[in-house]
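K.L.:
sharing a sequence plus its predicted fold:
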Amino acid sequence: LGLSADRNLSQANDMTSMEKDFTDVHKLRLCLLMPLFYTANNLHLQTQRLADRGANVLVVARKSPSHPQRSEAYGTVNITRVAPCMSGRIANYAMMLPAFVELLRRRHSYDLIWVVKFSTLGIVGTLAARILGKGCVLEAECNDEMSGEHFFHLNEWRLCHTRLFRSIFNAGMVVRNWLLRQADCFMAISREIEREFLDSGVPKDRICYKPCGIDTDRFAPISGKQKQLLRQKLSLPTNDLIICYCGRLVHNKGLECLLQAWKDISHEHGDVHLLIVGSGNNWFGGIEDVLKAFVKSEGLTTTTTFTGYADNVEEYLSASDIFVYPSENEALGVAIIEAMACGLPVVASGVGGIRDLVVPGETGILTEPRRADHITEALRSVIVNPDRRREMGVKGRHHAKAYFSIDRIDSLNVQAFTAVYRSRALPS
């Protein structure tokens, strides 16, 4: 298929010229299959960009308590939701049969199935594609989807960790991965996932490196005066140096280590404030209450703010001075891209796809995971050096626009989908 990853990111700007070779964008008929259609990885932006180009985009996702309706539209993208209307991990497995039936029922509406988070739905999409003669693209949303280890990371049932269960599971994975390898293209949002594909036997020429893209107009630097006004609006300290975390408040995000580091930082510097944007109570592994209890017990309430769930993340980032992301395991880290686009220097763990985003010493600092002392040292180095913060912020903004803008990711989508069309001679 000629979809191997472009190893030289400096060629990113050539993508626009590559698009000129693909003249059939308006003929693309895609079906995006995923558990929930929401804003993670900005898929709503990606699908709308494709639709704006003239592609016909259908989304098949699962109903949820917050979206129980059978059908709706996001801009010009049509969304069809299938049973069951429930939450929890079991819901993704329960939707497999209804999703398969929906793909068969809507078979005349699309020529290519694009499966995102394929650990469960990859079987559904690949099988339907082979039966119906459609193209199939699988995109991993997290680490270990191909190896299956993701299942054990999220599962605390004792039975799942027995030797017998593991043997049965591994046998099933052999069969599942044989079917998944029949897909036409594998999209990797990080180099680590790309290596996982290769280790699982996916041919190199079927792998496309495609990170997540963001709206760099929405996430952008603001002036000092605007920042002061924004802080007043958000009830944040107007004169403190604000260090921000955005994301889920769950156990594998390294937030316990961050608060350990914050205990030292807040005692050293009297004019700093930690801003934690996000929620954890409705997520598996949520530790929001644990974090709040620690802050209270350590006397950090005056220097720490928990916002809870927020849909105005860009405002909190724009109101901040430094971004911190101490995750222990991360497929990519879209929040880091958004922070860099806002001109913030980044302190983050050097794990997973984060290593694809942060240029050490240029756009931020990478630390060892689970090391509160490393977080303390890294934060201290940028707190005391405003010139370094400013330089990292400028370079981070340039880096985000050059390699992770939604325009570039849209180009990579067009390249991959059109290549699948042409290789399979799909109808147009």
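P.N.:
Okay, I see it.
K.L.:
restricting to C-alpha, output stretch 340-351 in PDB.
P.N.:
What follows is stretch 340-351, C-alpha atoms only, in PDB (Å, rounded to 0.1, in the frame of the first residue of the first chain):
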ATOM      1  CA  MET A 340       2.600  23.300  23.600                       C
ATOM      2  CA  ALA A 341       0.200  25.000  21.200                       C
ATOM      3  CA  CYS A 342      -0.700  27.400  24.000                       C
ATOM      4  CA  GLY A 343       3.000  28.300  24.400                       C
ATOM      5  CA  LEU A 344       3.600  26.400  27.700                       C
ATOM      6  CA  PRO A 345       6.900  24.600  28.500                       C
ATOM      7  CA  VAL A 346       6.200  21.000  29.400                       C
ATOM      8  CA  VAL A 347       7.400  18.800  32.200                       C
ATOM      9  CA  ALA A 348       6.400  15.200  31.400                       C
ATOM     10  CA  SER A 349       7.300  11.600  31.900                       C
ATOM     11  CA  GLY A 350       9.400  10.100  29.100                       C
ATOM     12  CA  VAL A 351       7.100   7.200  28.400                       C
END
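K.L.:
wait, what's in contact with Ile193?
P.N.:
Contacts here follow CB atoms under 8 Å, 6 or more residues apart in numbering; on that basis Ile193 touches Ala140, Asn143, Glu145, Met146, Ala331, Gly353. Any C-beta I mention is one placed from the backbone N, CA and C, and that applies to glycine too.
K.L.:
let's see it at 10 Å
P.N.:
Contacts for Ile193 (CB atoms under 10 Å, 6 or more residues apart in numbering) come out as 139-146, 186-187, 207, 209, 331-332, 352-353, 356.
K.L.:
and it, which helix or strand is it part of?
P.N.:
If you go by DSSP states H and E, Ile193 is part of helix 191-199.
K.L.:
tell me which stretches of the stretch 251-400 of the chain form helices.
P.N.:
Shown for the stretch 251-400 of the chain, the helices assigned by DSSP state H, counting those that start in this stretch span residues 255-268, 288-297, 313-318, 334-341, 354-357, 372-383, 386-403.
K.L.:
show me which residues of the fourth one are buried.
P.N.:
Within helix 334-341, the residues that count as buried by 16 or more other CB atoms under 10 Å are Val334, Ala335, Ile336, Ile337, Glu338, Ala339, Met340, Ala341.
K.L.:
over to the longest one?
P.N.:
By neighbour count with 16+ other CB under 10 Å, helix 386-403 contains the buried residues Arg389, Met392, Gly393, Lys395, Gly396, Arg397, His399, Ala400, Lys401, Tyr403.
K.L.:
nearest to Asp217 among those residues?
P.N.:
Lys401 (10.0 Å; CB to CB).
K.L.:
what's the closest one in contact with, if anything?
P.N.:
Lys401 touches Ala12, Ile214, Thr216, Asp217, Phe219, Ala220, Met340, Ala341, Asp407, Arg408, counting by CB under 10 Å, 6+ apart.
K.L.:
farthest pair within the residues you listed?
P.N.:
Ala12 and Ala220, at 18.9 Å, using CB to CB across the contacts of Lys401.
K.L.:
sorry, back to before: so which pair among the buried residues of helix 386-403 is furthest apart in space?
P.N.:
Farthest pair in the buried residues of helix 386-403 (CB to CB) is Arg389 and Tyr403. Separation: 21.4 Å.
K.L.:
re the thing from before, what subset of the contacts of Lys401 is buried?
P.N.:
Going by neighbour count (16+ other CB under 10 Å), the contacts of Lys401 have Ala12, Ile214, Thr216, Phe219, Ala220, Met340, Ala341, Arg408 buried.
K.L.:
tell me the pLDDT at the second one?
P.N.:
For Ile214, the model assigns a pLDDT of 95.
K.L.:
let's have the chain start at 814 instead
P.N.:
Let's use 814 as the start, then, which means that last one is Ile1027.
K.L.:
give me the beta-bridge partners of it?
P.N.:
With DSSP bridges as the criterion, Ile1027 is bridged to Ser1218.
K.L.:
so it sits against Ser1218, correct?
P.N.:
Yes - judged on CB atoms under 10 Å, Ile1027 makes contact with Ser1218 at a distance of 7.0 Å.
K.L.:
find residues that contact each of the two.
P.N.:
With CB under 10 Å, 6+ apart as the test, Ile1027 and Ser1218 both reach Ile1150, Ala1154.
K.L.:
I'd like the contacts of Lys1214 written out as JSON lines, with distance to Arg1193 added.
P.N.:
Shown next, in JSON lines, are the contacts of Lys1214 (distance: CB to CB, whole Å):
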{"residue": "Ala825", "distance to Arg1193": "34"}
{"residue": "Ile1027", "distance to Arg1193": "29"}
{"residue": "Thr1029", "distance to Arg1193": "30"}
{"residue": "Asp1030", "distance to Arg1193": "33"}
{"residue": "Phe1032", "distance to Arg1193": "26"}
{"residue": "Ala1033", "distance to Arg1193": "28"}
{"residue": "Met1153", "distance to Arg1193": "21"}
{"residue": "Ala1154", "distance to Arg1193": "25"}
{"residue": "Asp1220", "distance to Arg1193": "37"}
{"residue": "Arg1221", "distance to Arg1193": "34"}
